[in-house]
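Q: just the structure for this:
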Amino acid sequence: MRAVELAGSNSALATAIGCSATAVWKMVNKAHRLSVDYVLTVEKLYGISRHDLRPDIYPREPQTPAHPPGVSKPVTHSGDGTGAGVAQAKALAHGSGSGFPSGTGEPGGGANPPSVRGAIQFDQPREGAAR
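A: Model prediction:
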């Protein structure tokens, strides 16, 4: 066990983490892993990551992509008057893959749920708008 190597001995590790040398011996020779009670203490004292000490309890988080699949960059308003940001927003509104009913933005559906009341709805033409 790397913690014992860094501490110098079972006895030294036991003293450092506040348990008996017998308990350290059992962790090393019987359980073959550090008790969950001492993981954070060993991490702090010796700099060994909790993910390395007990991956069954502290798994590493999977790396997530910066943007969802199919989206090359975040949708932002271009501000240059070309309307490019609006086109991107329309495309995402129709096929965002959010898992919610179209145009609602929330589970449960509804044409105008309270959280999006007054928001632009791209799936319906505005009153008086040219077709």
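Q: which residues of the chain score low on pLDDT?
A: Scanning the chain for pLDDT under 70 picks out 64-131.
Q: could you redo the last one with a cut-off of 50?
A: Counting by pLDDT under 50, the ranges of the chain that qualify are 97-100, 104, 109-110, 116.
Q: nearest spatial neighbour of Tyr58, skipping sequence neighbours?
A: Residue nearest to Tyr58 in three dimensions, not counting chain neighbours: Arg50, with 4.2 Å by C-beta to C-beta, 6 or more residues apart in numbering. The C-beta positions use only the backbone N, C-alpha and C, and glycine is treated the same way.
Q: residue contacts, that neighbour?
A: Contact analysis of Arg50 by C-beta atoms under 8 Å, 6 or more residues apart in numbering lists 39-40, 43, 57-58.
Q: distance of it relative to Glu43?
A: 5 Å (C-beta to C-beta, to the nearest Å).
Q: quick check, nearest of the contacts of Arg50 to Gly18?
A: Leu40 (12.3 Å; C-beta to C-beta).
Q: how about that closest one, secondary structure?
A: Per DSSP: H, G, I helix; E, B strand; the rest coil, the secondary structure class of Leu40 is helix.
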